[in-house]
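from the sequence below, what's the structure:
(chains A and B)
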Amino acid sequence: MSYNFQNVKVLLVEDNQPMANLITTVLRSFGVGEVISCLDGQQGFRKFCHVNPDLVITDWMMEPWDGIKMSKEIRNNPNSPNQFVPIILMTGFSEKRRVIAARDAGITEFLVKPFNTRDLYRRLYQIIERPRQFVKSDDYMGPDRRRMKLGQDEYTGVKKRTSDYPDGKIPISESDQLVVDIDFN
Amino acid sequence: MADVKHYNQKPIRNAEFLTPPNLIKAKVGNGGLSNQLLMKTQKLLEEHAQDLTPLAKIYLDRMAEGIEQAKSNTEEFSESEDQISLILFPCVQLKANGTMFQYPLVTRLADRFVQFMEVVERLDKETLEIAEAFYSTIKIVVSSQIKGTGGSQGEQLVEELNAACMRYFAKHKERIEEKKKKQEI
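Residues are numbered from 1 along each chain as shown, chains lettered A, B, ... in the order given. The predicted structure is shown next:
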């Protein structure tokens, strides 16, 4: 038995047509039933509201709306039909501050270009088999930014949630630190 | 002595944790994708790759425009992120597209330049010289249709450009450290 993507609808937002064609070829080969393409984030968000896809795969750098702006709208706009939809952000950037910016926009998985079939499949597998809880706070809506590494039972990064400290006192040294424990791979 | 650290402590944010239904899992079922399918898809990806040349020309032209524009500002040694982006962003696209369209040497060269630009703190005469060297090299690789790694010559090109970046870093170590600190804040 293997995954059956026949009933899965994917929204692909990519302004580079040859790249969009390549990704569509991969998704079709995986058996994805429907791939809907858009050329920028603004068009992408409109289409998202209209078709309510099961998965969004988006490029970062596009105009007038980039992939980050679109992801924020998907997560926060009251018109969004599914704030929890998995979002894979593709980009040529890999520097930490850029990854953090993407993470803070509420994306689910980060896929660095160039990538191969297996890289894309790994992100899909994570989404399907290891979905994360969502966090809704005053300034963030998206997948839990804490991620446990494979084989670990407990989160080992910086802890600054009230639930981490039952007595309600967060040690100042830890609450002042920036959470950078990310592992999108 | 008053506890200033306590006074400056960030307010505790109330966060709500939500567990959305795993809709995609419900649709695709179990079992993953077979290794055979992944290999077949990778082959398709390689066969369907279109010619990189027209796409690369667009990004190389944008990169050249960015370099020319920055050159006219060198008296002020522009520290503007926007100015850096005009050169950096097209190169990120070259990095992203190179390997996907069978030009891994373009990706490798562009990646070196992207990492360099992520570190430099301003566009001065030396950074622009390095930018021009990368631009010319990538242009030659594309126009000569050097697919694949480029062999020992490709390796030599990467090493020489890398060495130019390392010389720049060694010369401007303090300034770079300063930028890194600013970004961390």
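
show me what contacts A:Arg123?
For A:Arg123, the contacting residues are A:Ile88, A:Glu109, A:Leu111, by Cβ atoms under 8 Å, 6 or more residues apart in numbering or on different chains. Yep, even glycine has a C-beta here, placed from its N, CA and C like the rest.

residues touching A:Met90, list them.
Contacts for A:Met90 (Cβ under 8 Å, 6+ apart) come out as A:Glu14, A:Ile57, A:Thr58, A:Asp59, A:Trp60, A:Gly67, A:Leu111, A:Val112, A:Lys113, A:Phe115, B:Ala96.

among those residues, which ones are in strands?
Using DSSP state E, the subset of the contacts of A:Met90 located in strands is A:Ile57, A:Thr58, A:Asp59, A:Leu111, A:Val112.

per-domain residue ranges of chain A.
Chain A breaks down by automatic domain parsing into domains covering A:9-143, A:158-185.

just give me the lowest mean pLDDT stretch among those.
In terms of average pLDDT, domain A:158-185 trails the rest of the domains of chain A, at a mean of 49.

count of residues packed around B:Lys139?
B:Lys139 has 17 neighbouring residues, counting by other Cβ atoms under 10 Å in any protein chain shown.

settle this for me: it is touching B:Asp61, isn't it.
No: counting by Cβ atoms under 8 Å, B:Lys139 stays clear of B:Asp61, with 9.9 Å between them.

show the contacting residues for the residue lying closest to A:Ile23 once chain neighbours are set aside.
Spatial nearest neighbour of A:Ile23, chain neighbours left out: A:Leu12 (5.9 Å); criterion: Cβ to Cβ, 6 or more residues apart in numbering or on different chains. Residues in contact with A:Leu12 (Cβ under 8 Å, 6+ apart) are A:Ala20, A:Ile23, A:Thr24, A:Leu27, A:Val35, A:Ile36, A:Ser37, A:Cys38, A:Ile57, A:Thr58.

A strand includes A:Leu12, no?
Yes: counting by DSSP: H, G, I helix; E, B strand; the rest coil, A:Leu12 is found in a strand.

do you know how far the nearest residue to B:Asn14 once chain neighbours are set aside is from B:Phe17?
Using Cβ to Cβ, 6+ apart and skipping the chain neighbours, the partner closest in space to B:Asn14 is A:Ser137 (6.7 Å). With distances taken as Cβ to Cβ, to the nearest Å, A:Ser137 is found 10 Å from B:Phe17.

thought B:Glu126 was touching B:Tyr168?
Yes: between B:Glu126 and B:Tyr168 there is a contact under Cβ under 8 Å: 5.8 Å.

more neighbours: which of those two?
For B:Glu126 versus B:Tyr168, the count of surrounding residues by other Cβ under 10 Å is larger for B:Tyr168: 19 against 14.

ok, the more buried one - contacts?
By Cβ under 8 Å, 6+ apart, B:Tyr168 lies in contact with B:Phe116, B:Val120, B:Glu126, B:Thr127, B:Ile130.

select, from the residues you listed, the two members most distant in space.
Farthest-apart pair in these is B:Phe116 and B:Glu126; separation 11.2 Å (Cβ to Cβ).

where along the chain do the strands fall?
You didn't pick a chain, so chain A it is. Ranges of strands in chain A, per DSSP E, are A:9-13, A:34-38, A:55-59, A:87-91, A:109-112, A:134-136, A:141-143.

hmm, I had chain B in mind actually
Applying DSSP E to chain B gives strands spanning B:16-18.

what sits against the closest residue to B:Leu157 other than its chain neighbours?
Leaving aside its sequence neighbours, B:Leu157 sits nearest to B:Thr137 (Cβ to Cβ, 6+ apart; 5.7 Å). Residues near B:Thr137 by Cβ under 8 Å, 6+ apart: B:Leu109, B:Leu157, B:Leu161.

now render those as a markdown table, adding pLDDT.
Formatted as a markdown table, the contacts of B:Thr137 follow (pLDDT from 0 to 100):
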| residue | pLDDT |
| --- | --- |
| B:Leu109 | 97 |
| B:Leu157 | 94 |
| B:Leu161 | 96 |
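
closest one of those residues to chain A?
Checking the contacts of B:Thr137 against chain A with Cβ to the nearest Cβ, the nearest one is B:Leu109 at 12.9 Å.

didn't the closest one look like it was pressed against B:Val158?
Yes: the pair B:Leu109 / B:Val158 is scored as a contact, 6.3 Å apart, by Cβ under 8 Å.

more neighbours: which of these two?
Using other Cβ under 10 Å as the criterion, B:Leu109 and B:Val158 rank with B:Leu109 on top: 27 against 18.

ok, and the closest non-adjacent residue to the more buried one?
Using Cβ to Cβ, 6+ apart and skipping the chain neighbours, the partner closest in space to B:Leu109 is B:Ile138 (5.3 Å).

quick check: that neighbour vs B:Leu94, distance?
Note on B:Ile138: its distance to B:Leu94, by Cβ to Cβ, is 6 Å.

overlap of the contact sets of the two?
With Cβ under 8 Å, 6+ apart as the test, B:Ile138 and B:Leu94 both reach B:Ala56, B:Leu60, B:Val106, B:Ala110.

all helices for chain B, in order.
Taking DSSP state H as the test, the helices found in chain B are B:4-7, B:23-28, B:35-47, B:53-71, B:81-100, B:104-119, B:125-143, B:151-171, B:173-184.
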